[in-house]
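# what shape does this take:
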Amino acid sequence: MEQAAKDTYLLTMRHIDMFFPGVKALKDVSFNLKKGEIHSLMGENGAGKSTLVKVLTGVYQKTRGEIEFDGQVIAPKTPLESQKLGISTVYQEVNLCQNLSVAENIYIGREPKTAWGGIDWATMSERAAKLLNEKLGLSLDVNKTLGFYPVAMQQMIAIARAIDTQCKVLILDEPTSSLSDHETARLFEIMRSLKEQGISIIFISHFLEQIYTICDRITILRDGTYVGEYEVKNLKRIDLISKMMGKEISEGEIESNLDKATASSDVLVETSKVTVPGKVKDLSMQINKGEVIGLAGLLGSGRTEIAETLFGVLQKSEGSIKIDGTEISIKNPMSMMLNKIAFCPEDRKLAGIIGDLSVRENIILAMQAKDGMFRHMPRAKQNELADYYIKLLRIKVSDREQKISTLSGGNQQKVIIARWLATEPNLLILDEPTRGIDVGTKSEIEQLAVSLAKEKNMSVVFISGELGEEVRTCSRVMVIRDHEKVTELNGDEISTAHIMQAIAGDYHGHA
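Have a look, this model is predicted:
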């Protein structure tokens, strides 16, 4: 009997269509969720995962179809309505209030009251501490502001809030993209515990390893349509990727290295003993013309800080930076742009795209800033540049005037790369250029990095937390640990195993 109950669906979405003006975002999509299972929703960017979740949570109203939840047909009109039904979402970007306490964030809108109608602060703090301790095994000061805690902890607090609203379905949308391996393992423990408590979890992630570690079943979407529903243990990784991309690819193709660029002996950038207090320690490195050099290391190891120092976002306290043999004074990013250095930042929402502007406007932005606001670029030139890079990078847009905020994450990333390529840099720094984007676009961006080095003699710094990308793309990899360079791997030395050993301190190549 217990097994029969386990196999009944808590949630069934049938024949879901979702139209936007001129776009059919979902076409006849189905999704089934069992009670007490962890179910992955997978697909390339633009496949319809987020749209389906937004239909379920009342952000969008479906054009057609039926949703049955816990034995009744539902059609939530708002996220609050879906939350009251027992469906809660924790997003990649934690949408809680940084300036309020942990307890306030957990009980916002549901604060316990005193007999006189005011907020019962003592009870609220006590309940919050108990909830975090009993449900998630966390012991922390709930009276401190949320912003005091790191992102990983903030996500746990968001999950605690969701559980306390008596959710039956918890949707985790890219929850691990900002977490370390240790923090991810802790999250997985909590997910398994919630599963044991009978809570169903929809897990959206681009990390295949994680999907195969934590999930029971997978539903795959492609181009807004339903591809199929599979038991994780019966679906080979190569088959999963083939179904997501809609084409057969061999195991060897995924793992094989690109035909890497060969660096010239000319040094473009050289740093000597560069230090930024608390961020970069005693960095000496060379970047040669026409090479893709990788920066590998754990999250928080200092990879991004090195990139920000090279681009003038962070100011060094000592050491020197030379470009083409000449020592330069770095005042700000603009001075580095004038030295033909470009930087695609890790957080494209905060530091990258300007959502209200068109694709054309986003592409010409850096070029216009470099020329100065009083030397306005003619519209014909803007159109020509935008069209050139849309074609070159195969950016999926209806036309150059489409708002960038309406594009998928992968296409937004391509627009940012186009923006910096338009400045014709000698050095392009790509910080996590493939984070949160689909497998197909990842491969295109890896190939682009290599072709820029080979065909344009451009130097590319490639930062990625996915070691396979570094292995495939880079002809040299610098391993960073605790804000300093510990090892450098060249040629055949570059492998996932060697990089991991170097991060752990067990491999010593050319330091």
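
# now do the strands in the stretch 1-150 of the chain.
Along the stretch 1-150 of the chain, the stretches classed as strands by DSSP state E, counting those that start in this stretch are 9-20, 23-34, 38-42, 64-69, 72-74, 87-90.

# quick one: closest of those to Gly109.
In terms of Cβ to Cβ, the element of the strands of the stretch 1-150 of the chain nearest to Gly109 is strand 87-90, at 13.2 Å. For the C-beta atoms, the positions are set from N, CA and C on the backbone; glycine is no exception.

# what's the closest one in contact with?
Strand 87-90 is touched from outside by 53, 56-57, 69, 76, 79, 155, 158-159, 161-162, 165, 167-173, 175, with contacts defined as Cβ atoms under 8 Å, 6 or more residues apart in numbering.

# stretch 420-432 too?
So stretch 420-432 is contacted by 268-269, 287, 289, 303-304, 307, 310-311, 337, 340-346, 363-364, 366-367, 370, 385, 389, 392, 417, 445, 449, 452, 458-465 (Cβ under 8 Å, 6+ apart).

# in ChimeraX, select just the buried ones from these.
Buried subset of the contacts of stretch 420-432, written as a ChimeraX selection, criterion 16 or more other Cβ atoms under 10 Å:
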select :268,269,287,289,303,304,307,310,311,337,340,341,342,343,344,345,346,363,364,366,367,370,385,389,417,445,449,452,458,459,460,461,462,463,464,465
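
# in strands only, show me the contacts of stretch 420-432.
In this view, the contacts of stretch 420-432 that belong to strands under DSSP state E are Leu268, Val269, Ile287, Ile341, Ala342, Phe343, Cys344, Ser459, Val460, Val461, Phe462, Ile463.

# confidence-wise, which of the residues you listed comes last?
Minimum pLDDT for the ones in strands among the contacts of stretch 420-432 is recorded at Cys344 (86).

# isn't that residue up against Ala418?
No - with contacts counted by Cβ atoms under 8 Å, Cys344 stays clear of Ala418, the gap being 9.9 Å.

# any idea how many residues pack against Gly440?
16 (other Cβ atoms under 10 Å).

# and what of Gly325?
9.

# same for the longest helix seen in the chain, what does it pack against?
Of all segments of type helix in the chain, defined using DSSP state H, the longest is helix 439-456. Packing partners of helix 439-456 (3 or more Cβ pairs under 8 Å, 6 or more residues apart in numbering; DSSP states H and E): helix 237-245, strand 292-296, helix 409-421, strand 427-431, strand 459-463, helix 467-473.

# and these, which one's lowest on average pLDDT?
Minimum mean pLDDT among the helices and strands packed on helix 439-456: helix 237-245, a mean of 70.

# give me the residue at the spatial middle of the chain.
Of all residues in the chain, the one closest to the mean position by Cα atoms, centre = their mean is Gly436, 3.4 Å from it.

# how many other residues sit next to the residue nearest to that one when sequence neighbours are not counted?
Excluding the flanking residues, the one nearest Gly436 by Cβ to Cβ, 6 or more residues apart in numbering is Gly409, at 5.3 Å. Using other Cβ under 10 Å, Gly409 has 21 other residues around it.

# my guess is Gly409 meets Pro433, correct?
No - Gly409 is beyond contact range of Pro433, at 11.3 Å (criterion: Cβ under 8 Å).

# returning to what we had before: I'd like the distance between the residue nearest to Gly436 and Glu470.
21 Å (Cβ to Cβ, to the nearest Å).

# repeat that for Lys279.
Distance check for Lys279 against Glu470: by Cβ to Cβ, it reads 22 Å.

# Asn411 now?
24 Å.

# sorry, back to before: for the strands of the stretch 1-150 of the chain, which one sits closest to Ala185?
strand 38-42 (14.9 Å).

# ok now the closest one, how far from the chain's centre?
Centroid displacement of strand 38-42 relative to its chain, using Cα atoms, centre = their mean, to the nearest Å, is 17 Å.

# which neighbours does that strand have in its sheet, and in what orientation?
strand 200-204 (parallel), strand 217-222 (parallel) (DSSP bridges).

# dump the ones you listed to TSV, plus mean pLDDT and mean neighbour count.
Listed next are those as TSV, based on pLDDT from 0 to 100; neighbours: other Cβ atoms under 10 Å:
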stretch	mean pLDDT	mean neighbour count
strand 200-204	95	23
strand 217-222	94	22
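
# can you list the buried residues in the host helix or strand of Leu283?
Taking DSSP states H and E as the criterion, Leu283 maps to strand 280-288. Residues Val280, Lys281, Leu283, Met285, Gln286, Ile287, Asn288 are the ones in strand 280-288 that count as buried (16+ other Cβ under 10 Å).

# what's the answer for stretch 208-228, then?
210-211, 214-222, 224-227.

# circling back to that earlier point, now for the helices and strands packed on helix 439-456, which one comes closest to Glu327?
Of all the helices and strands packed on helix 439-456, it is strand 427-431 that lies closest to Glu327, at 16.1 Å by Cβ to Cβ.

# so how far is the closest one from its chain's centroid?
17 Å.

# just checking: what are the partner strands of that strand?
In its sheet, and by DSSP bridges, strand 427-431 pairs with strand 341-344 (parallel), strand 459-463 (parallel).

# where does the nearest residue to Asp482 once chain neighbours are set aside sit: helix, strand or coil?
Using Cβ to Cβ, 6+ apart and skipping the chain neighbours, the partner closest in space to Asp482 is Ser301 (6.7 Å). Three-state call for Ser301 (DSSP: H, G, I helix; E, B strand; the rest coil): coil.

# wait, Ser301 sits on Glu484?
No - the criterion here is Cβ under 8 Å, and Ser301 misses it with Glu484 at 9.0 Å.

# and these two? Which one has more around it.
Ser301 (21 against 16).

# give the full set of residues in contact with the more buried one.
Each residue near Ser301 by Cβ under 8 Å, 6+ apart is listed here: Ile480, Arg481, Asp482, His483, Ile503.

# now, these that are in helices?
Ile503.

# now the contacts of Ser301: which count as buried?
Members of the contacts of Ser301 classed as buried by 16+ other Cβ under 10 Å are Ile480, Arg481, His483, Ile503.
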